[in-house]
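Undergrad: my questions concern the predicted model and sequence given below.
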Amino acid sequence: MSNFFLRLPPVQSGIIGHRGMSAQAPENTLAGFRKAAQFGLSWVEFDTQRCGSGEWVVFHDKNLERTTNGAGLVIDTPYQTLRTFDAGSWFHPQFKNERVPTLQQALSCLAYLKLHPNIELKVFAQPLTVEAIVDFLSILENAWPKELPPPLVSSFNLKSLKVLRSLDNKLPLGYIVRDPTESTLNAIVEAGFDSLHCDNQNFSSALLEKATSKSMALPVLVYTVNDPNRIKVLLQSGVTAVFSDVTDVIL
Ligand code: G3P
Ligand code: MG
């Protein structure tokens, strides 16, 4: 059976906060995690990638412009510079003190808040190197409390997930696929991953039926869903969880 059901905590109301709780606080910030906890979520998703000096930081885009007052590529920016940028004012002036968190800071904050993490590995060009993945795993090992269920790690990048699986045969892994087919499901099972994360636009009941059949028993998670009626329909149809920015309408 998938590690998802065996090892991970239930998703409260079936909703995973997307990039923290990005309708209520700047995405991928500690303020967003605090908001998610305050509003009673039990899980959050966030994105991570390496910056110029090699640290894993919590950040979605390749470039800094949209969500900070910095400029350029994250991969070219050392952490000492990145940490000086304002990652909150673009969203609302009240968040002007928010910084780009490191992966360690994010995990410590989530453990403290009792929020379960889904860590999305962002891969922009080449698949992650073995060295990068070993470094990522060592951060999980050191920063996430051993007595808690392990984080769910996901990615759009199949090769990186396969390397991750070869280095750690237990960590729950989710494959994110914009438009999955039956062969995606077979690939997930074959690779020993634990969940399928698919785009709301491309979700189909036929695919869900196959994924959740007795022989596969694969959890399907759907992103990014902000329409309360759609959330209800998806959860009632057997989707394990949805990723949502949690807009005011949902609250
Ligand atoms: O992990 C689900 C979702 O976050 C994937 O898309 O672009 O929001 O990271 P994106
Ligand atoms: Mg994401």
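TA: Right, received. Where do you want to start? As the structure is a computational prediction, the values presented were derived from the model and not from experiment. Ligands and ions are numbered 1, 2, ... in the order given.
Undergrad: residue boundaries of the helices in this structure?
TA: 3-7, 30-38, 79-82, 103-113, 130-143, 158-167, 182-191, 205-211, 228-237 (DSSP state H).
Undergrad: against which helices or strands is the first one packed?
TA: Taking 3 or more C-beta pairs under 8 Å, 6 or more residues apart in numbering; DSSP states H and E as contact, there are no helices or strands that helix 3-7 lies on. Heads up, the C-betas are built off the backbone N, CA and C, glycines and all.
Undergrad: can you show me the CA trace of that helix as CSV?
TA: Extracted in CSV, the C-alpha atoms of helix 3-7 (Å, rounded to 0.1, in the frame of the first residue of the first chain):
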residue,chain,number,x,y,z
ASN,A,3,3.2,5.2,2.0
PHE,A,4,0.7,8.0,1.8
PHE,A,5,-1.9,6.2,3.7
LEU,A,6,0.5,4.1,5.8
ARG,A,7,2.8,6.8,7.1
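Undergrad: can you give me the buried ones in it?
TA: Asn3, Phe4 (16 or more other C-beta atoms under 10 Å).
Undergrad: same deal with the third one?
TA: Within helix 79-82, the residues that qualify as buried are Tyr79, Leu82, counting by 16+ other C-beta under 10 Å.
Undergrad: and it, how far out from the chain middle?
TA: 23 Å (C-alpha atoms, centre = their mean, to the nearest Å).
Undergrad: out of the helices of the chain, which comes closest to Phe243?
TA: helix 228-237 (10.2 Å; C-beta to C-beta).
Undergrad: what sits up against that closest one?
TA: 14-15, 200, 203, 205, 208, 222, 225, 241-242, 244, 249-250 (C-beta atoms under 8 Å, 6 or more residues apart in numbering).
Undergrad: up against ligand 2, what does the stretch 51-200 of the chain have?
TA: Glu120 (C-beta under 5 Å from the ion).
Undergrad: how near is the closest residue to ligand 2 within the stretch 51-200 of the chain to Val222?
TA: In the stretch 51-200 of the chain, the residue that lies nearest ligand 2 is Glu120 (3.9 Å; C-beta to the ion). For Glu120, the distance to Val222 equals 14 Å [C-beta to C-beta, to the nearest Å].
Undergrad: for Tyr175, same thing?
TA: On the measure of C-beta to C-beta, Tyr175 and Val222 end up 14 Å apart.
Undergrad: so what strands line up beside the longest strand that the chain contains?
TA: Criterion DSSP state E: the longest strand present in the chain is strand 43-50. According to DSSP bridges, strand 43-50 forms sheet pairs with strand 15-17 (parallel), strand 56-58 (antiparallel), strand 116-121 (parallel).
Undergrad: so what pLDDT did the nearest residue to Pro10 once chain neighbours are set aside get?
TA: Sequence neighbours aside, Ser42 is the residue nearest to Pro10 in space, at 7.2 Å (criterion: C-beta to C-beta, 6 or more residues apart in numbering). pLDDT, Ser42: 98.
Undergrad: dump the residue contacts of Ser42.
TA: Here Ser42 is in contact with Pro9, Pro10, Val11, Gln12, Lys114, Leu115, His116 (criterion: C-beta under 8 Å, 6+ apart).
Undergrad: the third one reaches Ser244, doesn't it?
TA: Just to be clear, that refers to Val11. No - look at Val11 against Ser244 with C-beta atoms under 8 Å: they stay out of range, at 11.0 Å.
Undergrad: what number of residues lie near Thr102?
TA: For Thr102, the neighbour count with other C-beta atoms under 10 Å is 20.
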